[in-house]
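Novice: sharing a sequence plus its predicted fold:
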Amino acid sequence: MRADRTAPRDEVAEILAEVRRRGDDAVLDYTERFDKAELGPGELRVDPRELEASVGILEPAVLEGLRMAIANVRAVAKAQLRDPVDISLPQGQTVQVGEVPVGRVGVYVPGGRAPYPSTVVMCAITARVAGVEQIAVCAPPGPGGRAHPAILAACVLCEVSEVYRMGGAQAIAALAYGTNSVPAVDVIVGPGNAWVTEAKRQVFGEVGIDGLAGPSELVVLASSGAPPELIALDLLAQAEHGDDSPLWLISTDHGLIEAVRAEVTRLALERPTVGSPQLEALAVGSLDEALRLAEEIAPEHLELIGAEAETLAERVTRAGCVFVGAGAGTAFGDYVAGSNHVLPTAGAARYQSALSPATFRRRMARVSLPGEAPARLAPAGAALARAEGFPVHAESMERRA
């Protein structure tokens, strides 16, 4: 039930190697080839004046939407920060475990069918809350090589002044390896197409990444009494991400399944942005079976709709984000609810979490051994060291005793 992650590995490897070898020149060549945008030397980075002007041309409703999204994402991210913890142990030593932010982050914002200023918010605000000082945003350029004003405005509102007009695997390479125009980063985040995802896979180890994104996906687990039209709208909204976006409806109510199917067909006719949604409807005998199937899929988004289905919320352990109740459409999470929309896909919710401040922070221990602590620890530590064939480790500890 997991999405196919087949990607052009050899082609991406060639792009990465070229950018590593030729830097800006390779990025500019690939930008002209793939994005049909001709940029001259020194034009990868967006001019600060273009950034500032973007806010003034944004529609007021969009501006207000971005501000609400920023406030809510910031509030949820701040609540996830952890204070340092001091642990005093019986032998007298102290271990303090704290978190420190990475120094520099690259945010990839997809181009494709439309600009995604919401991705700027999700990634940049979360990184800022985590304490990251340097954030670089990149997005594929549009006609004439210009960056989309909505993306630029989102960067301004998120207090990001370093923005590059570049996309695809070449952008990931520039962020990972660095060029004359693009300083290398420590972590790359943000969703993208198969080329971007494969590039992130190949540069992992050189830099950290948030995960490997597949097509966006939704499972709706619904019980009797759930509203068919709202379910259909949520499924169609997810289908706007592309025809490869997996959609599942799981229910114990056969009548509800047929009603949702009918609504999907009816509503899709008047909504050309949804393409050809591929819905897999699964009728099951019990809610326990429904939950088992949903957890087997481990979807990016899981909606629980209907009084009985909503009682399963506390039992869900394998989903990127869970939306509980008929009012909690997945689309709210994509924009303004405050949760993050950069989520694990293709079954990765079995082991991976949503983008959060933890993505940009490293846990680090500080160890102090005052007084008699070295003497109390050395015998046990030296015995283990010698058992592993490291006598100098043992001597290092014993000398302090």
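Specialist: Everything's here; your move.
Novice: and for residue 237, the neighbour number?
Specialist: Neighbour count of residue 237, defined by other CB atoms under 10 Å: 17. In this view, the C-beta of every residue, glycine as well, is placed from N, C-alpha and C.
Novice: am I right that it is in contact with residue 331?
Specialist: Yes. Residue 237 sits in contact with residue 331 when judged by CB atoms under 8 Å, with a separation of 5.1 Å.
Novice: so what touches the lengthiest helix in the chain?
Specialist: For the chain, the helix with the greatest residue count under DSSP state H is helix 60-78. Contacts to helix 60-78, defined as CB atoms under 8 Å, 6 or more residues apart in numbering, come from residues 55, 58, 117-118, 121-122, 125-126, 128-130, 150, 153-154, 157-158, 335-340, 356-357.
Novice: and if we set it to 10 Å?
Specialist: Applying CB atoms under 10 Å, 6 or more residues apart in numbering, the contact partners of helix 60-78 are 55-56, 58-59, 117-118, 120-130, 150, 153-154, 156-159, 332, 334-341, 355-358, 360.
Novice: ChimeraX command to pick out the buried ones of these?
Specialist: A single ChimeraX command selects the buried members of the contacts of helix 60-78 (16 or more other CB atoms under 10 Å):
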select :55,58,117,118,120,121,122,123,124,125,126,127,128,129,130,150,153,154,156,157,158,334,335,336,337,338,339,340,341,355,356,357,358,360
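Novice: which ones among the contacts of helix 60-78 are found in helices?
Specialist: Among the contacts of helix 60-78, the members falling in helices (DSSP H) are 55-56, 117-118, 120, 126-130, 150, 153-154, 156-157, 332, 334-335.
Novice: quick one, phi/psi of residue 187?
Specialist: In terms of degrees, to the nearest 10, the main-chain angles of residue 187 are phi -140, psi 140.
Novice: so for it, what's the pLDDT?
Specialist: Listed pLDDT for residue 187 reads 98.
Novice: hmm, it is touching residue 175, no?
Specialist: Yes. Residue 187 is within contact range of residue 175, at 9.4 Å (criterion: CB atoms under 10 Å).
Novice: in stretch 299-312, what's buried?
Specialist: 299, 300, 301, 302, 303, 304, 305, 306, 308, 309, 310, 312.
Novice: about what we covered before: what's the spacing between the longest helix of the chain and its chain's center?
Specialist: Relative to the centre of its chain, helix 60-78 is centred 17 Å away, using CA atoms, centre = their mean, to the nearest Å.
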